[in-house]
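> my questions are about this predicted structure, shown below with the sequence.
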Amino acid sequence: MANSVPKYVAPQPIDLPDRQWPDRMIRKSPVWCSVDLRDGNQALPNPLGPDQKLEYFKLLCDIGFKHIEVAFPSAGRDDFGFTRRLIEQGHIPDDVFIMGLTQCRKHLIDKTFEALAGIPRGIVHAYCATSDLHMQQVFDLSRKQTVDMVSSAVGQIRGLADAMGDSDIRFEFSPEEFTDTDIDFALEICQVAFEQWGKATQDKPMILNLPATVERRPPNHYADMIELFIRKFPSREKVLISLHAHNDQGMAVAATELALQAGGDRVEGTLFGHGERTGNVDIVTLANNLYSRGIDTHLDFSQLNNVAKTVERLTGMPVYYRQPYSGQYVFTAFSGSHQDAIRKGLHRLSEAPDKFGAQWKVPYLHVDPNDLGRQFERLIRINSQSGKGGVAWVLEQDHDIEVPKAMHLELGEAVQKYSDEVGREISSQEVLDIFQKEFVEPEGPFSLIGYWPRPDEANPTVVHGEIRVMVDGEPKTVTADGNGPISAFVHGLEKLGAAGFQVDNYHEQAVGKGADAYAMAYVPLKLPGAGILFGVGKDPNITQAAGRAMIAGRNRMIRQGKIPLGQ
Ligand code: KIV
Ligand code: ZN
């Protein structure tokens, strides 16, 4: 069929009918290589200064990166100086290999080794564009000329590395634009680089970094190319196959995951995907994807907010609200049905191992926010889309207030009304304020001074109650009997003119511990023809709390016009 947008041609699929990667799973972590300080830094509107670079370098070490590309040392004074500073001031931990990038040109390679002088261990990374597009349009080089250039560059690198005596110098080669390169040519030039290096062993493998310099193909093509390359490369056990995906089509993470299934051993990328154009693959996302599937990545993102804040400050670029794992909203549910499901899932989390074979299995949350240093109380924001369950969840999680289920609807409506009025997301404190103002201390004519219930001396199933209240600012006292303190209180209210309601299934809760503990009483007042209204009372004493709840409920009824005062 003719291409309907003739300007562009779809990349041809790779001829690999017996591809194995679709049925494989990633079972172990790749070796991670941060290229933040090179690929990331070169793409910043304001590149990092030396002190900022050092701070970033330390952050990368703290996270757990063992391979860190720190500079393009021959590219300028800053990169050269930073490399020297790391070495001379002893900033490189014993188990970390720093890496310097160079083109395959003699004077640049000399300068790179000059920058690395005295380093106990490090990686020299040489690259050369191998796509016909680059060779023909940018460099005017034939394939043969390119191979010759790489061959002599790697020979030079080998000699300079040998001259460094005891230093453990490793070598990485990248055929730039690998995914736009004829794969047989990529194999040929990598083989030449491998042979010229001549020092690769299983213990000290050479790194073959196969970049998707520009994401021109769908992720499955990258995986096919990696699987095919690995099948055809003769000395597989002496090389680490490294992946380096850019994100031009927004699929760098997917491409890298599939390429790992295809056999990749190592991943180059950056925190939050900094890098040229749309950036490099985001290692935060990729590593946490693997972690969420039970793979120990040996990278520590347990304080991801701090990492994000540091990177934001150093790069001057904010992390996007919905950036996986680190965005402000990624553990927030706005819609009521999601909030409700999360709340239920968290309540029943202890059932997950038996039911689903995993310690963590929660609706709408594929990872535990706590693992990333995120807080549960930030899970749910309230807006006009929030449901009743979500509001109750906020009160419970943030304020220890366990509203009974029968009250969720009323509570949700009150919050929704407020949210509609203010027309914005509302905070957890505002939810508490609404609860307090609407259910605990609603305005109204009644307020309780105190309640004295006393069991009858002859018949303990009878309670005599004395209620002292203010009614419209005037103190009043009534006494009434009942078969318990609640019914005595109801009868007392009747005597005060608040007649005709019943109380059933009231719910109480102890909040806090020790001297600061207090009781919450949630009392449904049932008024024939006017439905149910909840009142909530708070008091150190549970009976007083129940009395306060009934007074609050009574005031609410009057306020809502369900009954006139005095009826
Ligand atoms: O994207 C790329 O190809 C690179 C190379 C230097 C590896 O950054
Ligand atoms: Zn790159």
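Ah, there it is. Ligands and ions are numbered 1, 2, ... in the order given.
> direction included, what does the strand or helix carrying F171 pair up with?
Per DSSP states H and E, F171 falls inside strand 168-176. Next to strand 168-176 in the sheet, as set by DSSP bridges, lie strand 121-129 (parallel), strand 206-212 (parallel).
> give me the buried positions along that strand.
For strand 168-176, burial by neighbour count (16 or more other C-beta atoms under 10 Å) applies to I169, R170, F171, E172, F173, S174, P175, E176. Backbone N, C-alpha and C define where each C-beta goes, glycine included.
> low-confidence ranges, this protein, go.
Residue ranges of the chain with pLDDT under 70: 1-2, 375-388, 563-567.
> rerun that using 50 as the cut-off
377-379, 564-567 (pLDDT under 50).
> now the helices for the stretch 151-300 of the chain?
With DSSP state H, counting those that start in this stretch as the criterion, the stretch 151-300 of the chain has helices at 183-197, 219-232, 252-261, 283-291.
> so which of those helices comes closest to ligand 1?
Closest of the helices of the stretch 151-300 of the chain to ligand 1 is helix 252-261, at 10.8 Å (criterion: C-beta to the nearest ligand atom).
> hang on, the earlier thing: give me the subset of the buried residues of strand 168-176 that also touch ligand 1.
Among the buried residues of strand 168-176, proximity to ligand 1 is found for S174, E176 (C-beta under 6 Å from any ligand atom).
> and the residue nearest to V96 when sequence neighbours are not counted, how close does it get to ligand 1?
Leaving aside its chain neighbours, V96 sits nearest to K66 (5.6 Å; criterion: C-beta to C-beta, 6 or more residues apart in numbering). In this view, K66 and ligand 1 are 18 Å apart by C-beta to the nearest ligand atom, to the nearest Å.
> for K66, the count of nearby residues, please.
15 (other C-beta atoms under 10 Å).
> so who does it touch?
V31, W32, D95, V96, F97 (C-beta atoms under 8 Å, 6 or more residues apart in numbering).
> equivalent analysis for L59, please.
So L59 contacts V307, T310, V311 (C-beta under 8 Å, 6+ apart).
> what is the nearest of those residues to P324?
Closest approach to P324 among those (C-beta to C-beta): V307, at 13.8 Å.
> centroid-wise, who is the farthest residue in the protein?
For the chain, the residue at maximal distance from the C-alpha centroid (C-alpha atoms, centre = their mean) is A458, at 65.4 Å.
> in this structure L290 contacts I26, no?
Yes - L290 is in contact with I26 according to C-beta atoms under 8 Å; the separation is 6.2 Å.
> more neighbours: which of those two?
Shown here are L290 and I26; by other C-beta under 10 Å, L290 has more neighbours (21 against 15).
> wait, what's in contact with that one?
I26, S29, T297 are the contacts of L290 under C-beta under 8 Å, 6+ apart.
> check A193 too.
A126, V150, S151, V154, F173, M206, L208.
> how about the strands in the stretch 401-550 of the chain?
Here the stretch 401-550 of the chain has its strands, by DSSP state E, counting those that start in this stretch, at 446-455, 463-471, 474-482, 502-503, 507-511, 518-527, 531-539.
> just put those in CSV and tack on mean neighbour count and distance to C104.
Below are the strands of the stretch 401-550 of the chain laid out as CSV (neighbours: other C-beta atoms under 10 Å; distance: least, C-beta to C-beta, whole Å):
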stretch, mean neighbour count, distance to C104
strand 446-455, 17, 85
strand 463-471, 19, 90
strand 474-482, 14, 95
strand 502-503, 15, 86
strand 507-511, 16, 70
strand 518-527, 22, 74
strand 531-539, 22, 75
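> spell out which parts of the stretch 1-150 of the chain neighbour ligand 1.
D39, L101, Y127.
> how about the residue nearest the centre of the chain, secondary structure?
Among the residues of the chain, the one closest to the centroid is Y325, at 1.6 Å (C-alpha atoms, centre = their mean). Taken by DSSP: H, G, I helix; E, B strand; the rest coil, the conformation at Y325 corresponds to coil.
> sounds good, over and out.
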